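The amino acid sequence is not available; the structure is as follows:
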């Protein structure tokens, strides 16, 4: 078991997840702008639905934060 290989694989997963998260964040911001006239609770529900997969992402200690 090569630790470097494992760390690299984890880093790749984290990196791709962060990219997805950034794309999702832009989408959620658009959703907020589009639904400013609608109820706030609806927006909050959209945010919860959209950002739920992101919350499973936890940063691996010892690896650099992907930019």
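Right, received. Where do you want to start? Model, not experiment: these values are computed from the prediction.

quick one: buried residues of the helix or strand hosting residue 30?
Applying DSSP states H and E as the criterion places residue 30 in helix 3-34. Judged by neighbour count (16 or more other Cβ atoms under 10 Å), helix 3-34 contains these buried residues: 14, 18, 28, 31. C-beta: built from backbone N, CA, C; applies to glycine.

Would you check which pair of those residues lies furthest apart?
Maximum pairwise distance among those (Cβ to Cβ): 24.9 Å, between 14 and 31.

quick revisit: and the helix holding residue 30, what does it pack onto?
Secondary-structure packing of helix 3-34 (3 or more Cβ pairs under 8 Å, 6 or more residues apart in numbering; DSSP states H and E): helix 40-51.

Just the pLDDT for residue 51.
Looking at residue 51, its pLDDT reads 48.

swap that for residue 9, please
90.

what's near enough to touch it?
Shown in contact with residue 9 (Cβ atoms under 8 Å, 6 or more residues apart in numbering): no residues.

next one: residue 3
Counting by Cβ under 8 Å, 6+ apart, residue 3 has no contacts.

any low-confidence regions in the protein?
1, 35-67 (pLDDT under 70).
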